[in-house]
Structures are given as structure tokens and as C-alpha cells.
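Asker: Show me the folded form of this:
(one chain, ligands or ions: 1)
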Amino acid sequence: MTDRQPGFSTLAIHAGAQPDPTTGARATPIYQTTSFVFNDADHAASLFGLQAFGNIYTRIGNPTNAVLEERVAALEGGTAALAVASGHAAQVVALQMLLKPGDEFIAARKLYGGSINQFSHAFKSFGWNVVWADTDDIASFERAVTPHTKAIFIESIANPGGTVTDIEAIAAVARKAGVPLIVDNTLASPYLIRPIDHGADIVLHSLTKFLGGHGNSIGGIIVDAGTFDWSKDGKYPILSEPRPEYHGIRLQETFGNFAFAIACRVLALRDLGPALSPFNAFMILTGIETLPLRMQKHCDNAKAIAEWLAVHPAVAAVNYAGLAGDKYNNLARKYCPKGAGAVFTISLKGGYDAGVKLVSKLQLFSHLANVGDTRSLVIHPASTTHSQLDDAQKTKSGAGPDVVRLSIGIEDKEDLIADLEQALA
Ligand SMILES: *Cc1c(COP(=O)(O)O)cnc(C)c1O
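Answerer: Residues are numbered from 1 along each chain as shown. From the prediction side, this is the model:
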């Protein structure tokens with residue numbers, strides 16, 4: 001072994017994994033077990049008291065999941081990670097460690113439709129108040145800051161429009177406000193953007209999408225950048241104050257730059273319970289091994305198809321940050337020079353009816369509510385994912401009635417273009 005820093009593709013295959021110490025198995029085994037035998041009573045007590053690291057019960061941790069956690073932390077440049085049952089579970093678990101009833105967090109209005117619902121309804125019922133801001137107007141984030149603000153939440157590349165967010169500008173607002181910046185990096189994946197390099201304190205993923213990549217497993221992950229000082233002004237007592245259930249230890253004092261990941265595991269995941277199945281962790285790990293190859297092909301196909309659509313007579317507009325004239329092209333060049341992702345929207349001249357008709361005529365594209373599969377996918381957000389929003393919210397979040405969202409897969413682009421051509425005709 002040399003002391004070279006391994007590159008991204010090497011980490012995607014090797015980070016966190018070693019041949020299984022008992023059997024020599026080279027692929028990471030699926031440790032399909034609920035619980036783990038203690039060496040002796042002292043060992044059990046030290047695990048429960050957080051004085052030693054080890055496996056207790058799969059709701060709190062599992063060796064297959066641990067490989068996934070270490071791998072994604074390495075790819076994102078974080079100190080540690082926690083895998084959970086879904087992207088939405090990652091959002092609940094992370095925010096539960098930061099907010100108490102009556103607190104606020106600021107969120108970008110351009111977000112995954114499910115996140116808009118989760119923040120507006122479920123989180124509201126917990127007393128966590130979302131305050132919306134606009135990523136096209138950085139000052140709107142500054143204006144939204146109050147003494148109750150505990151976090152800022154954005155997407156690096158935002159669903160559904162594929163718009164690129166100025167992470168550094170919003171990180172500056174978060175730093176000034178003394179709150180962590182949380183970046184949902186699902187649509188970019190760390191192959192295209194590493195938000196921690198641009199000032200993010202916490203990175204979240206729906207592993208369901210490009211990281212798993214094959215449309216077969218739901219999962220989520222929280223990555224701790226290790227950058228935030230949780231103790232400096234008493235705003236985050238869960239991390240800075242003694243924990244009664246763990247003999248009065250203070251999490252940041254004890255665990256330093258991975259205290260947030262530990263808190264998410266030993267408090268939020270332990271108590272809320274959305275554990276990731278080791279089987280899903282195995283599927284997602286296998287997907288991550290080819291992330292760099294897949295992501296590049298996704299982006300190359302998406303760019304070619306966006307260029308083809310941009311000159312099609314039935315198409316009013318293509319919103320893809322990878323296109324030279326796009327409003328977000330400068331941000332794409334800065335934050336994701338390898339490609340602007342594979343999810344974008346088009347507006348059809350024929351409006352709502354044309355959108356509904358297009359999704360029903362496409363054959364190779366699957367009409368469903370997902371993105372980031374090897375297969376190409378299509379949806380009409382206004383009649384599906386974003387249908388719960390009112391018209392103003394729909395348009396503000398990039399899901400107006402004439403908008404169709406595409407998630408470009410890794411098939412041959414000529415076949416995808418032929419399918420679009422017949423459906424648009
Ligand atoms: C899908 C998605 C989520 C939610 O993830 P699940 O795994 O479906 O719970 C969150 N954010 C973004 C950007 C997504 O695309």
C-alpha cells in the first residue's frame with residue numbers, strides 16, 4: 001500500500017469494506033441479524049454506556065450498514081454517517097437533533113415535493129416551523145433568520161427543475177446566523193457535488209435515487225461534516241448538555257467532530273426507530289460501486305436529450321442547468337462541472353393536457369414517481385407528486401401545469417430520443 005489518497009472511483013468500491021474477518025468473503029456480507037452476542041457483562045455495559053463502539057441491536061447499528069455509512073462519509077468528505085430507512089427518515093432524524101417545539105428552520109422553496117409536504121404538515125405537527133426562502137434570492141434567507149432559527153435546509157440540485165443552488169452563498173448566511181447548513185445532495189450525488197467542500201455542515205441523501213441507482217431499494221443517510229461547533233451558544237442542548245440516559249456525558253465533548261452522527265444514532269434512530277434493513281444496505285452498496293460510471297452516463301445522456309428537446313417544436317422550454325443558455329448554467333459550471341445531473345423539466349406548448357398525454361404515450365420511459373434509476377423515468381408533477389400543492393406553490397416549486405419531469409437513465413440515448421419523438425408527435 002502507498003500513502004496516496006485514493007480517488008473517488010476507488011473509494012466508491014473500497015471505502016469502509018474489508019474481506020470478512022471470519023469467512024474471507026470479499027463482497028460485504030448481509031448481516032441479517034437483529035442482535036449481537038456480548039463478550040461478557042462488562043462488554044455489554046460498556047456498549048450500552050457508549051464507552052465502547054460495537055454492535056448491540058440492528059435498530060441502532062449493523063455491520064453491513066456500517067460499511068455503507070463509512071463509504072458515503074468518505075465519498076462526501078464527512079467525518080461519519082448514519083444510514084436510515086429512507087430519505088425522509090434522514091430528514092426527521094437529523095432535524096430532531098436540532099429542533100424543539102416552537103423552533104424554526106429555513107428551507108428553500110425549490111424542494112422535492114415530498115419534503116415540502118413533510119415540512120408543511122408532519123413537522124408542523126411536531127411544532128417545528130418551516131420558513132420558506134428562495135434560492136434565486138439569497139437575501140430572502142437572510143431576512144428569514146430569527147432568534148428561533150436552528151437550521152437552513154437546501155437541495156444542491158433541486159427537484160423537480162434540476163436547478164443548481166449557490167451553496168456557498170447560503171453557507172455564508174448560515175455561518176452568520178450561527179446555524180448549520182443542511183444540504184440534501186440526492187440529485188447531484190457526491191460524484192457531481194460535494195457540499196461539504198462548499199460549506200455544508202450536514203449532508204443528507206435519499207439513497208433510493210442515484211446512490212443505490214437501480215430503483216430497487218429505499219434508504220437514506222445523514223453525513224456529519226464535523227464542522228459545526230454545537231456548544232458555542234447553547235442553541236443545541238442535545239449535543240452540548242449532559243445526557244441523562246448515558247451517565248451524563250456531553251455528546252460533543254465526548255465525540256468531537258462526529259458528535260452529530262452519534263446523536264442521530266444513539267438518540268434519534270434509537271428512539272424513533274427508522275432503521276435501514278441490512279439487505280437494502282447491501283443493495284445500495286453494490287449500486288455505489290458503479291456510481292461514477294453511471295452518473296457520468298446519466299449526465300451525458302441528459303445533456304444530449306435536453307439539447308434535442310430544446311429545438312423541438314412542441315416544447316416551449318427546457319429547464320436544464322447543463323444547457324449553455326440556462327439561467328443556472330453559471331452555477332452548474334461552478335458547482336458541477338462534470339455534469340448538471342439527469343433530472344430536469346420541460347414545459348410543453350400544449351399545457352396540462354399535453355403533459356398528461358406525453359406521459360401516457362412514452363414507452364421506453366416509465367411513468368412513475370421516482371428519479372435516479374438506470375431506467376429513464378417520466379412524471380407530470382402537477383397531477384401527481386405536486387398535486388397537493390396549490391397552483392402558486394406548484395409554480396414556485398417548478399411544477400406548473402405544463403411541466404413534465406424527466407429522469408434520464410443510462411440506456412442508449414438514440415433509443416430515448418426515438419421514444420420522445422414518437423410520443424411528442
Ligand atoms: C426521494 C427524495 C427524498 C425522499 O427520499 P425517500 O428515500 O423517498 O424517503 C428526499 N429528497 C430528494 C431530493 C428526493 O429526491
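
Asker: For the rest of this, base every contact and every neighbour count on C-alpha atoms.
Answerer: Will do.

Asker: Buried ones in stretch 331-350, by neighbour count?
Answerer: Buried residues in stretch 331-350, counted by 16 or more other Cα atoms under 10 Å: 331-333, 335-336, 338-349.

Asker: Among these, which are located in strands?
Answerer: If you go by DSSP state E, the buried residues of stretch 331-350 have 343, 344, 345, 346, 347, 348 in strands.

Asker: Among those, which one sits closest to the ligand?
Answerer: residue 343 (9.7 Å; Cα to the nearest ligand atom).

Asker: helices and strands of this structure: which one has the lowest mean pLDDT?
Answerer: helix 391-396 (a mean of 80; mean pLDDT, DSSP states H and E).

Asker: May I have that helix exported as PDB, CA atoms only?
Answerer: Extracted in PDB, the C-alpha atoms of helix 391-396 (Å, rounded to 0.1, in the frame of the first residue of the first chain):
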ATOM      1  CA  ASP A 391     -51.300  26.500  -8.100                       C
ATOM      2  CA  ALA A 392     -49.000  29.200  -6.700                       C
ATOM      3  CA  GLN A 393     -46.900  26.700  -4.700                       C
ATOM      4  CA  LYS A 394     -46.700  24.400  -7.800                       C
ATOM      5  CA  THR A 395     -45.300  27.100 -10.000                       C
ATOM      6  CA  LYS A 396     -42.900  28.400  -7.300                       C
END
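
Asker: And it, what's buried?
Answerer: So helix 391-396, judged by 16+ other Cα under 10 Å, has buried residues 393, 394, 395.

Asker: Kindly report the same for stretch 118-136.
Answerer: Under 16+ other Cα under 10 Å, the buried positions of stretch 118-136 are 119, 123, 124, 128, 129, 130, 131, 132, 133, 134, 135.

Asker: how many degrees apart are the helix or strand harbouring residue 292 and strand 343-348 in direction?
Answerer: Residue 292 belongs to helix 291-310 when assigned by DSSP states H and E. With axes from the mean of the first three to the mean of the last three Cα atoms, to 10 degrees applied, the angle from helix 291-310 to strand 343-348 works out at 10 degrees.

Asker: following helix 291-310, which helix or strand comes up?
Answerer: Counting by DSSP H and E, the next helix or strand C-terminal to helix 291-310 is strand 315-319.

Asker: Need the contact partners of that next one.
Answerer: Contacts of strand 315-319 with the rest of the structure, by Cα atoms under 8 Å, 6 or more residues apart in numbering, involve 161-163, 306, 309-310, 326, 344-349.

Asker: ok now do the residue of the chain found nearest the ligand, which residues does it touch?
Answerer: At 3.3 Å from the ligand, residue 87 is the closest residue in the chain, using Cα to the nearest ligand atom. Residue 87 makes contact with 204, 205, 206, 207, 208, 218, 219, 220, 221, according to Cα under 8 Å, 6+ apart.

Asker: got a winner among those for most neighbours?
Answerer: The most crowded member of those, judged by other Cα atoms under 10 Å, is residue 207 (32 neighbours).

Asker: And it, what's its pLDDT?
Answerer: At residue 207, the pLDDT value in this model is 98.

Asker: interface residues of this protein facing the ligand?
Answerer: For the chain, the residues in contact with the ligand (Cα under 6 Å from any ligand atom) are 86, 87, 88, 112, 159, 186, 187, 206, 208, 218, 219, 220.
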